[in-house]
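Engineer: Need the 3D shape of this:
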Amino acid sequence: MSTSSSVSSPFDGLRFAFGTLTVLPVRVHRWDRDAARGGMLCAPLAGLVVGGCAAGLGLLLLLLGAGAPLAAVASVAVPAALTRGLHLDGLADTADGLGSGKPAEDALRIMKQSDIGPFGVLTVVLVLLAQVAVLAQLYGDSWARGAVAAVVSAATARLALTLAARAGVPAARPEGLGAAVAGVVPAGAALGLAAGVVAAAGAAGAGLGGYDGARTALAVAVAVAVADVLLRRCVRRFGGVTGDVFGALAETAATAALVVLALGR
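Structural biologist: Residues are numbered from 1 along each chain as shown. Model (predicted):
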């Protein structure tokens, strides 16, 4: 693949985002820092597409007469399928690394192993159960609330990746996706994008009536704050971020957003 130093175009960022964060057939032409920066800034847009697909399948099942639980399972399965389960795998590996209690070098070695330990299994199971439980509740309330939640949680998950790629966050290893995107996004741009996503989520939730606008905006803000706590823990523990850590942050943010959306009804 090209590593040309020619001027990057906005489409290079889009290709990077969709080519690295989804299994959609998008070819990445550039792997340099400029393309990575554009890609991480476009990450929430990739999440919007993933979330739209998740909501679409959930709504199709409801239209065909399925119940809210099956629609919820489908909406959780779609993001996993569109990422080949890499975010869930990263969550499991990060849980194993954090739970090992070993020095950073040994913990990183554990995370690179192909098998999943007990911490990883337990974490993935609980996260998936939480996501399905919340979406089943929201689809049960109304198809619109379930669909909005599926889209917002997926976009928030990728927003967490943008924030994790901000300047000042180091890579734990000199190779891999973590090293390719670590520190590429200016902090101001990351925070500005976060504010934009919070506002957009609030606007989407406002269409549902009541306090849904404020609740949806709050869900995004709380989710990225929770993900940032995990990010700081991983940086202290491992010395920086890895591809696995990015996956863990995405799943953590998605789950936290959904939990907030389930509360106060």
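Engineer: Only C-alpha atoms from now on, for both contacts and neighbour counts.
Structural biologist: Noted.
Engineer: just the helices in the stretch 51-200 of the chain please.
Structural biologist: For the stretch 51-200 of the chain, helices defined by DSSP state H, counting those that start in this stretch occupy the ranges 68-82, 86-99, 104-112, 118-141, 143-164, 177-181, 187-206.
Engineer: Spatially nearest residue to Met40, not counting backbone neighbours?
Structural biologist: In this structure, Met40 finds its nearest non-sequential neighbour in Thr162, 5.0 Å apart by C-alpha to C-alpha, 6 or more residues apart in numbering.
Engineer: quick one: the one you found from Gly51, how far?
Structural biologist: 17 Å (C-alpha to C-alpha, to the nearest Å).
Engineer: which of these two has more neighbours?
Structural biologist: Legend: neighbour count by other C-alpha atoms under 10 Å for Thr162 and Gly51, higher for Thr162 (31 against 27).
Engineer: residues in contact with that one?
Structural biologist: 40-41, 43-44, 185, 190 (C-alpha atoms under 8 Å, 6 or more residues apart in numbering).
Engineer: just Gln137 next, same as before
Structural biologist: So Gln137 contacts 68, 146, 262 (C-alpha under 8 Å, 6+ apart).
Engineer: Can you give me the neighbour number for the second one?
Structural biologist: Applying other C-alpha under 10 Å, we find 27 other residues in the vicinity of Gly146.
Engineer: same check, this time on the first one
Structural biologist: A count of neighbours around Ala68, defined by other C-alpha under 10 Å, yields 25.
Engineer: now do Arg236
Structural biologist: Counted by other C-alpha under 10 Å, the residues lying close to Arg236 total 12.
Engineer: hang on, it in a helix?
Structural biologist: Yes. Counting by DSSP: H, G, I helix; E, B strand; the rest coil, Arg236 is found in a helix.
Engineer: Next, find the distance separating it from Ala171.
Structural biologist: Distance, Arg236 to Ala171, using C-alpha to C-alpha: 12 Å.
Engineer: cool, and Ala257?
Structural biologist: 26 Å.
Engineer: what bits of the stretch 1-150 of the chain have low per-residue confidence?
Structural biologist: Where the stretch 1-150 of the chain drops to pLDDT under 70, the residues are 1-8.
Engineer: any idea how far Gly168 is from the nearest residue to Ala36 once chain neighbours are set aside?
Structural biologist: Distances taken as C-alpha to C-alpha, 6+ apart place Val181 nearest to Ala36, at 5.7 Å, with adjacent residues excluded. Distance of Val181 to Gly168, computed by C-alpha to C-alpha: 12 Å.
Engineer: Between the two, which has more neighbouring residues?
Structural biologist: Each of Val181 and Gly168 has its neighbours counted (other C-alpha under 10 Å); Val181 has more, 31 against 14.
Engineer: neighbours of the residue nearest to Ala107 when sequence neighbours are not counted, just the number please.
Structural biologist: What sits nearest to Ala107 in space, not counting adjacent residues and going by C-alpha to C-alpha, 6+ apart, is Gly97, at 4.7 Å. Gly97: 29 surrounding residues under other C-alpha under 10 Å.
Engineer: Roughly how far does Gly97 sit from Gly178?
Structural biologist: From Gly97 to Gly178 the distance is 16 Å (C-alpha to C-alpha).
Engineer: Ala157 now?
Structural biologist: The gap separating Ala157 from Gly178 is 16 Å, by C-alpha to C-alpha.
Engineer: do the same with Thr22
Structural biologist: Thr22 sits 16 Å away from Gly178, going by C-alpha to C-alpha.
Engineer: Tyr211 too?
Structural biologist: Distance from Tyr211 to Gly178, counting by C-alpha to C-alpha: 38 Å.
Engineer: Between those two, which has more neighbouring residues?
Structural biologist: Each of Tyr211 and Gly178 has its neighbours counted (other C-alpha under 10 Å); Gly178 has more, 22 against 14.
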